[in-house]
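Enquirer: what would the 3D arrangement of this be:
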Amino acid sequence: MRLYLVFIFQEKEMNRRRLLKQLLALPVATAVGGCGFFHPKQSPIKSLKILLQGPFAVLIQQNQKYRIKAYVPHDDKYIHEFRYRDPSRNPLGEDKGQNSYEFSLGNDGLEISEESPYIDHGFDDFNPTISRYYPPEKAFVSLDLPAPDLISYIPPAEPVRFNDGTYGKLPLNHVLEYRVKDVSKVKMEYRVKDGSKVKMHSRDLPGFSGPTTCDDLYKNYKAYWKTEKEGLDEGRHLDDMLARCSQSKVATYFFGVGLPYTSDPEHALTFFNTKLLPILYGQDVIKNPPPNSLVEIKPAPCGQQRSTGAMPMLMPAVYRPAVATPRLFMASSTQDCNAPAVTATVQ
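Expert: Numbering: from 1, shown residues only. Take a look at the predicted model:
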């Protein structure tokens, strides 16, 4: 009987010892064996789009590995508004030229080829190559960005007539596209100049460093359009683009500059010729307008075309009732500033 009890006791000790060894070995086995099954969660974001809505002068610096400089100078009447990230946010004003917003994006988290970006043919009517440029002494909004893979725009483009008598179309915005390696490393730095003060952070720009999703931008635009005045078109092309973008793996930065609820073709013409062109050619162009300065925006569709925008086509022979066609235009994030944007390559 005693031997029997001893045997049972020893067997229990052996079981306990074996169990203890197994428990001690379990974390090691799990750590080693689990390596084959554990996969770190990867971000679905594979693309970044920077939307510059409004009269930006976008300069492609060939001698700086195609980095981008973009400027919106101060308007003489200080009537422009700046919206960022979310178009439904309250806009920021020029404050008589005192306010200035500077943004910079590094290469971290992006796949930068440092090669010449592909430029959409919608910019063909105005895309000069210049030997140097003349940055404004103090811009309302300025950006320093890496070389994108693609520069495109959201249609429609604005019909214009140039100083040399030719006709063409100019985009009202730029869309810069990048490939993303790690979206968590993509950070936008900014400085806010308020008079003589320079702020590295501002309560007017909360949480701006990281990009937002295209889905959020689309939702914000839909909310913004609901607050628009009656009679303004939602911007069908912009709505379509954002709808497609919201269903993809895209992050965005949004910058918009324009006017309040007004449409002023003369303002757009003056701003293009006296504020944007001097960035490309210097102040002399104000007194001596170059051939590619503008003399008219939304001209009658006639005359010599710079591009193939107006081509012969077959029209359907159907009855069209005599109803006046409504005047619709794209409502930008900053309401309606139809000043065309500028694109140039700096050698």
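
Enquirer: tell me which element residue 279 is part of?
Expert: Using DSSP states H and E, residue 279 sits in helix 277-281.

Enquirer: repeat that for residue 266.
Expert: Here residue 266 is assigned to helix 265-271, by DSSP H and E.

Enquirer: measure residue 74 to residue 105 for me?
Expert: From residue 74 over to residue 105 the distance is 23 Å, taken as C-beta to C-beta, to the nearest Å. (Each C-beta comes from the backbone N, C-alpha and C, glycine too.)

Enquirer: higher neighbour count, those two?
Expert: Ranked by neighbour count (other C-beta atoms under 10 Å), residue 74 and residue 105 place residue 105 first, with 25 against 21.

Enquirer: the spatially closest residue to residue 179 that is not a sequence neighbour: neighbour count?
Expert: With sequence-adjacent residues excluded and distances taken as C-beta to C-beta, 6 or more residues apart in numbering, residue 179 is closest to residue 111, at 4.1 Å. Number of residues near residue 111 (other C-beta under 10 Å) recorded here: 13.

Enquirer: go on, residue 116?
Expert: 12.

Enquirer: for the residue nearest to it when sequence neighbours are not counted, give me its contacts.
Expert: Spatially, and ignoring its direct neighbours in sequence, residue 116 is nearest to residue 66 (5.7 Å; C-beta to C-beta, 6+ apart). Applying C-beta atoms under 8 Å, 6 or more residues apart in numbering to residue 66 gives the contacts 60, 114-117, 147.

Enquirer: as CSV, these with secondary structure, distance to residue 343 and pLDDT would be great.
Expert: What follows is those, written out as CSV (DSSP: H, G, I helix; E, B strand; the rest coil; distance: C-beta to C-beta, whole Å; pLDDT from 0 to 100):
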residue, secondary structure, distance to residue 343, pLDDT
60, strand, 7, 98
114, coil, 19, 86
115, coil, 17, 91
116, coil, 13, 95
117, coil, 11, 97
147, coil, 14, 97
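
Enquirer: low pLDDT regions in the stretch 151-300 of the chain?
Expert: Counting by pLDDT under 70, the stretch 151-300 of the chain contains low-confidence ranges at 195-208, 214-248, 261-264, 300.

Enquirer: tell me the SS of residue 273?
Expert: helix (DSSP: H, G, I helix; E, B strand; the rest coil).

Enquirer: let's number from 45 now, not from 1
Expert: Sure, I'll start counting at 45 from here, so that last one is residue 317.

Enquirer: burial measure for it, as a count.
Expert: 18.

Enquirer: bridged to the closest residue to residue 189 other than its chain neighbours, which residues?
Expert: Distances taken as C-beta to C-beta, 6+ apart put residue 112 closest to residue 189, at 4.1 Å, once the chain neighbours are dropped. Counting by DSSP bridges, residue 112 forms beta bridges with residue 104, residue 189.

Enquirer: re the thing from before, list the neighbouring strands of the following helix or strand past the helix holding residue 323 plus their orientation.
Expert: Next along the chain after helix 321-325, taking DSSP H and E as the criterion, comes strand 338-341. Using DSSP bridges, strand 338-341 pairs in its sheet with strand 202-206 (antiparallel).

Enquirer: CA atoms only for the strand it pairs with - export them in PDB, please.
Expert: C-alpha atoms of strand 202-206 as PDB (Å, rounded to 0.1, in the frame of the first residue of the first chain):
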ATOM      1  CA  GLU A 202     -12.000  78.300 -68.200                       C
ATOM      2  CA  PRO A 203     -12.300  79.700 -71.800                       C
ATOM      3  CA  VAL A 204      -9.900  82.600 -72.300                       C
ATOM      4  CA  ARG A 205      -8.600  84.900 -75.100                       C
ATOM      5  CA  PHE A 206      -4.900  85.700 -75.000                       C
END
